[in-house]
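A.B. asks: Using only what follows, build the 3D model:
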Amino acid sequence: MKSCLIVDDSRVIRKVSRHMVETLGMAVDEAGNGVEALERCEQAMPDVIILDWNMPVMSGIEFIQVLRQKPGGAHPKVVFCTTENDVAHIREAIEAGADEYVMKPFDHDTLQAKLQLVGCV
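C.D. replies: Residues are numbered from 1 along each chain as shown. Prediction:
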């Protein structure tokens with residue numbers, strides 16, 4: 001069973017995303033910010049990370065830059081999940097190491113398609 005870490009400061013977004021990902025047959029863990037997410041990754045590196053951009057403590061961009069430098073940090077596929085929709089933000093996310101990008105709000109089919117694109121479903 002593949003594993004997914006959902007990183008978002010919104011408990012509602014984490015809950016909705018968790019339900020969507022669990023229906024795809026994946027094990028799910030959650031973190032409320034980048035620091036918590038790094039701690040989760042040090043305990044067990046997930047197969048895919050659904051990552052919010054704007055979070056307190058450590059942003060999604062800061063998180064992915066640190067993650068990609070860690071041993072095993074290149075392994076997880078990262079799907080940015082954010083309201084930022086301009087080309088500059090998308091480019092910044094990809095250059096930082098993201099594999100895909102999905103706009104909020106999203107539905108089950110959209111998230112499933114993004115996870116298929118990165119080979120996790």
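
A.B. asks: And the contacts of stretch 80-95?
C.D. replies: 8, 13, 17, 50-54, 60-61, 64, 98, 100-104, 106 (Cβ atoms under 8 Å, 6 or more residues apart in numbering). From N, CA and C alone the C-beta is placed, and that goes for glycine too.

A.B. asks: So which elements touch the longest helix seen in the chain?
C.D. replies: What stands out as the longest helix in the chain, according to DSSP state H, is helix 11-22. Helix 11-22 sits against strand 3-7, strand 27-31, strand 48-52, helix 108-117, with contacts defined as 3 or more Cβ pairs under 8 Å, 6 or more residues apart in numbering; DSSP states H and E.

A.B. asks: Now do the same contact list for the residue nearest to Leu5 when sequence neighbours are not counted.
C.D. replies: Among residues not flanking Leu5 along the chain, Pro46 sits closest, at 4.1 Å (Cβ to Cβ, 6 or more residues apart in numbering). Applying Cβ under 8 Å, 6+ apart to Pro46 gives the contacts Ser3, Cys4, Leu5, Asp29, Arg40, Pro76.

A.B. asks: Now Pro46, what are its backbone angles?
C.D. replies: phi -80, psi 170 (degrees, to the nearest 10).

A.B. asks: Correct me if wrong: Ile13 contacts Asp52.
C.D. replies: Yes - with contact defined as Cβ atoms under 8 Å, Ile13 counts as touching Asp52 (7.2 Å).

A.B. asks: of those two, who's got more company?
C.D. replies: Asp52 (26 against 19; other Cβ atoms under 10 Å).

A.B. asks: What distance do you get for the more buried one to Pro71?
C.D. replies: The gap separating Asp52 from Pro71 is 24 Å, by Cβ to Cβ, to the nearest Å.

A.B. asks: got it, and Asp9?
C.D. replies: Distance from Asp9 to Pro71, by Cβ to Cβ: 27 Å.

A.B. asks: And the two? Which one has more around it.
C.D. replies: Asp9 (16 against 8).

A.B. asks: That one and Pro56 touch, don't they?
C.D. replies: Yes - proximity of Asp9 to Pro56 meets the contact threshold set by Cβ under 8 Å, at 5.9 Å.
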